[in-house]
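Asks: model this:
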Amino acid sequence: MSGLEELGIPGPSQVREVLTNCTDDTFAAIEEFQLHNGILLPSLRPALPLLDLHGVLRLDFHQSVLEELKEKMLQRIREIASGNDKNKYKLLNELLVKCFPVIKVKPLRPVVMCLMQHLPKMKLDYLNVIVSNRELYKEAAVEIRQQIWQDNQALFGDEVSPLLSKYIELKESALFSLETQSPVFFLCSPKNRRQEGVVQELAKMVGKNVRLYDMVLQFLRTLFLRTRNIHYCTLRAELLMVLHDNDVQDVISMDPCHKFTWCLDACIREKFVDLKRAKELHAFLDTMRWSQEQVIGDLSMILCDPQSVQTIAMSLIKSLQNCVATESLPRMKEETLLLLRMLSMGLTAWQMIDSQVFKEPRLDTSHVIRFLPGVVGLMVDDQLAALMPKNVELDPVPEFILAACKDNNVLTTILVHYTLTVAKQGSVGSVIRILPILAKCEPDTVYSDMSLHELVSYLAAIGDSFANLDFCEIVFDKFFLPFLSRENVVRHLLRLVWWIHPKVIGSTVNRIMKSALSHIPSSGPLNKTYQLVQDKVSSYQPSPVQITEKVESPLLPVVSTPI
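Replies: Alright, predicted model coming up:
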């Protein structure tokens, strides 16, 4: 009970002094101490002997009284804090001055913490006491710690870092999960994704504190720059939208990216960017380009979010499909040009932040005049092939498409999403034509986790095609196996084998697993995944083929053969 002495209440040292200086009757000295320091309520004293007769210890009685008074005190503090009195914070500060000395008295600590929790600003001396004591810091409410963190970026970084690491782990586990064949990473709605515990916890830590929000954004920019991990871009957008959902006006009103992110979030929810929304988004971009150039860096991060890239790229593919239906050129479609500009901006986010040159990348006219019509031509071929007999061989992909994609991540992204579209439609001939070309395009885009996650899901959905050796050769030998030096490619290949191995010839599966094994470490998560897939492949027993027996019976009619 150290701390009581500062309030003028006798504590452990006074009890020790009384017992030390007692010469005659120790019990009389204790009784005198209880008399002077007990509950000074005259009507209570006659009841105490009655409690003694019922075996109720004085300690238990006083603790029950303490708990009751503490609850009433906490309730009263909350009432004052939630009230409309203009002087409420002054009153709470006065109470804190009187109560703070007992913060180390564990039974009374909740009262002090409750007072501190409801004060928007406290003296630095109080906060220093909390920081210097690990036990007090752990018990402090997040509102108290927010005031500590805003002046201690290193401590806030230590608190946030585990959450950011956990967030990345959750995203990667969704990409490599063997639990479902579907592309689960892209199936969850934006609002449901924001309900994840990590994002909610981070939003709670930020609260209404603009300074802490700015710190988190700086952490995300730094980590994105250091690691090139685009999941940090996702978190940048998700954190802002969680605060939007919670109507934290103190923060969202200060973020110039709020309206842009809100509009883009609606597009992601609908999985499509129409002309009206594309114009709205570009109006925001143009406003920032002339007024707040540095904000372009944050907007490019938001556009770099995999959900944003997928929505914009698939909307661009739909726009090109519309060109086929209306027999028009891509350059005649306004939304096509707007979508291409946003895609370019999102995919150059890292270069923009790294160089600190916050300008929208210039659009190459050859992309619109030559490349996009080339993709439209591939779509026309696909539609014609659908009207022809099966096994018809499609014309090869024009050389200029490959030449344009070799070192261009924007055009490669468009070609990747064209591939995903035909794979999702189950167009085997189109997949056979495009995959070898895709393997020669810009590899960091083609073999990114997001691209392979969707591609594996759609290839697994047409698993029967893997019974064809030519299809296996295209998918495995020309697309996956040459890039097994990349760990993520091995993981996605194992996920594909997990789902399609019953359809593939046993010798081909064994060859693939042997090739993958040479790129797998002797321990770690990847090794565990390999063992799971290998066990599943080894334990697979094909269903026996049922042979119809010829039955001869005198009851069956005999069909005479004409002479």
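Asks: any idea which element the closest residue in space to Leu96 that isn't next to it in sequence lies in?
Replies: Leaving aside its chain neighbours, Leu96 sits nearest to Leu115 (4.6 Å; criterion: Cβ to Cβ, 6 or more residues apart in numbering). Every residue, glycine included, has its C-beta placed from N, CA and C. According to DSSP states H and E, Leu115 maps onto helix 109-117.
Asks: mean confidence (pLDDT) on that helix, please.
Replies: Per-region confidence: helix 109-117 scores 93 on mean pLDDT.
Asks: related to what we said a few turns ago, and for the residue nearest to Leu96, the neighbour number?
Replies: Leu115 has 27 neighbours, counted by other Cβ atoms under 10 Å.
Asks: next one: Gly83
Replies: Using other Cβ under 10 Å, Gly83 is surrounded by 10 other residues.
Asks: ok, now Gln14?
Replies: By the measure other Cβ under 10 Å, the count of residues near Gln14 is 14.
Asks: show me what the helix holding Leu115 is packed against.
Replies: helix 58-82, helix 88-99, helix 134-139, helix 142-149 (3 or more Cβ pairs under 8 Å, 6 or more residues apart in numbering; DSSP states H and E).
Asks: any chance of CSV for the ones you listed, columns distance to Met301?
Replies: Formatted as CSV, these follow (distance: least, Cβ to Cβ, whole Å):
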stretch, distance to Met301
helix 58-82, 37
helix 88-99, 38
helix 134-139, 32
helix 142-149, 23
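Asks: tell me the contacts of the residue nearest to Cys304 when sequence neighbours are not counted?
Replies: Leaving aside its chain neighbours, Cys304 sits nearest to Ala349 (3.9 Å; criterion: Cβ to Cβ, 6+ apart). Going by Cβ atoms under 8 Å, 6 or more residues apart in numbering, Ala349 touches Phe224, Cys233, Gly297, Ser300, Met301, Leu303, Cys304.
Asks: how does it look with 7 Å?
Replies: For Ala349, the contacting residues are Cys233, Ser300, Met301, Leu303, Cys304, by Cβ atoms under 7 Å, 6 or more residues apart in numbering.
Asks: got the contact list for Leu340?
Replies: Applying Cβ under 7 Å, 6+ apart, the residues near Leu340 are Leu316, Leu363, His367.
Asks: against Leu337, how distant is the second one?
Replies: Between Leu363 and Leu337 the distance is 7 Å, computed by Cβ to Cβ, to the nearest Å.
Asks: how close does Leu494 sit to Ile462?
Replies: 19 Å.
Asks: sorry, back to before: between the contacts of Leu340, which is nearest Leu384?
Replies: For the contacts of Leu340, the residue nearest Leu384 by Cβ to Cβ is Leu316; the value is 22.2 Å.
Asks: once you drop chain neighbours, what's closest to that closest one?
Replies: Leu339 (4.5 Å).
Asks: hmm, back to that, any idea of the mean pLDDT for the helix or strand that comes right after the helix holding Leu115?
Replies: Helices and strands here follow DSSP H and E; after helix 109-117, the next one along the chain is helix 124-132. Helix 124-132 shows a mean pLDDT of 93.
Asks: do the same with stretch 24-43
Replies: For stretch 24-43, mean pLDDT is 69.
Asks: center of the chain, which residue is that?
Replies: Tyr167 (5.2 Å; Cα atoms, centre = their mean).
Asks: next one, pLDDT for that residue please.
Replies: Predicted confidence (pLDDT) for Tyr167: 96.
Asks: kindly report the same for the one 5 residues further on.
Replies: pLDDT, Glu172: 92.
Asks: got phi/psi on it?
Replies: For Glu172, the backbone dihedrals (degrees, to the nearest 10) come out as phi -70, psi -40.
Asks: now do Leu394
Replies: According to degrees, to the nearest 10, Leu394 has phi -80, psi 160.
Asks: do the one 5 residues further on as well
Replies: With angles defined as degrees, to the nearest 10, Glu399 shows backbone torsions of phi -60, psi -30.
Asks: list the contacts for it?
Replies: Counting by Cβ under 7 Å, 6+ apart, Glu399 makes contact with nothing.
Asks: next one: it from Ile437, what distance?
Replies: Taking Cβ to Cβ, one finds Glu399 at 10 Å from Ile437.
Asks: same deal with Met342?
Replies: Taken as Cβ to Cβ, the span from Met342 to Ile437 is 25 Å.
Asks: ok, residues contacting the helix or strand hosting Thr287?
Replies: Assigned by DSSP H and E, Thr287 belongs to helix 275-291. With contact meaning Cβ under 7 Å, 6+ apart, helix 275-291 is reached by 256, 259-260, 263-264, 267, 295-296, 299, 334-335, 338-339, 342, 360.
Asks: what about the stretch 251-400 of the chain, any weak spots by pLDDT?
Replies: 290-291, 391 (pLDDT under 70).
Asks: now the helices for it?
Replies: 258-270, 275-291, 295-304, 306-326, 334-347, 349-355, 365-366, 372-387, 399-405 (DSSP state H, counting those that start in this stretch).
Asks: make CSV from those and add distance to Gln146 to it.
Replies: Compiled in CSV, the helices of the stretch 251-400 of the chain are given as follows (distance: least, Cβ to Cβ, whole Å):
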stretch, distance to Gln146
helix 258-270, 21
helix 275-291, 29
helix 295-304, 23
helix 306-326, 29
helix 334-347, 32
helix 349-355, 27
helix 365-366, 51
helix 372-387, 49
helix 399-405, 48
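Asks: Val431 is nearest to which of the ones you listed?
Replies: Short answer: helix 372-387, nearest of these by Cβ to Cβ, at 10.4 Å.
Asks: how about the residue lying closest to Lys478 once chain neighbours are set aside, secondary structure?
Replies: With Cβ to Cβ, 6+ apart as the criterion, Lys478 has its nearest non-adjacent residue at 4.7 Å, and that residue is Pro436. Following DSSP: H, G, I helix; E, B strand; the rest coil, Pro436 is assigned to helix.
Asks: Pro436 - how many residues pack around it?
Replies: 17.
Asks: that one reaches Ile474, doesn't it?
Replies: Yes - contact criterion Cβ atoms under 7 Å: Pro436 and Ile474 qualify, at 6.3 Å.
Asks: quick one on the thing from earlier: what's the most buried one of the helices and strands packed on helix 109-117?
Replies: helix 142-149 (a mean of 20; mean count of other Cβ atoms under 10 Å).
Asks: more neighbours: which of Met342 and Ile437?
Replies: Met342 (26 against 19).
Asks: what's in contact with the helix or strand harbouring Ser538?
Replies: Using DSSP H and E, Ser538 maps to helix 525-539. Helix 525-539 has contacts (Cβ under 7 Å, 6+ apart) with 178, 487, 490-491, 494, 497-498, 501, 509, 513, 516-517, 520-521.
Asks: 10 Å instead?
Replies: 172-173, 176, 178, 487-488, 490-491, 493-499, 501-502, 504, 506, 509-510, 512-513, 516-517, 519-521, 524 (Cβ atoms under 10 Å, 6 or more residues apart in numbering).
Asks: centre of the chain to that helix, how far?
Replies: With Cα atoms, centre = their mean, to the nearest Å as the basis, helix 525-539 stands 27 Å off its chain's centre.
Asks: and what of stretch 431-438?
Replies: 32 Å.
Asks: mean confidence (pLDDT) on it, please.
Replies: 95.
Asks: tell me the contacts of Gln425?
Replies: Here Gln425 is in contact with Asp382, Ala386, Val431, Tyr458, Ile462 (Cβ under 10 Å, 6+ apart).
Asks: and it, how far from Ala385?
Replies: Taken as Cβ to Cβ, the span from Gln425 to Ala385 is 11 Å.
Asks: in the stretch 451-563 of the chain, which spans are helices?
Replies: Using DSSP H, counting those that start in this stretch, helices in the stretch 451-563 of the chain cover 469-472, 487-500, 506-517, 525-539.
Asks: tell me which of these lies nearest to Phe100.
Replies: helix 525-539 (48.6 Å).
Asks: how far off helix 487-500 does that closest one point, in degrees?
Replies: Interaxial angle, helix 525-539 versus helix 487-500 (axes from the mean of the first three to the mean of the last three Cα atoms, to 10 degrees): 20 degrees.
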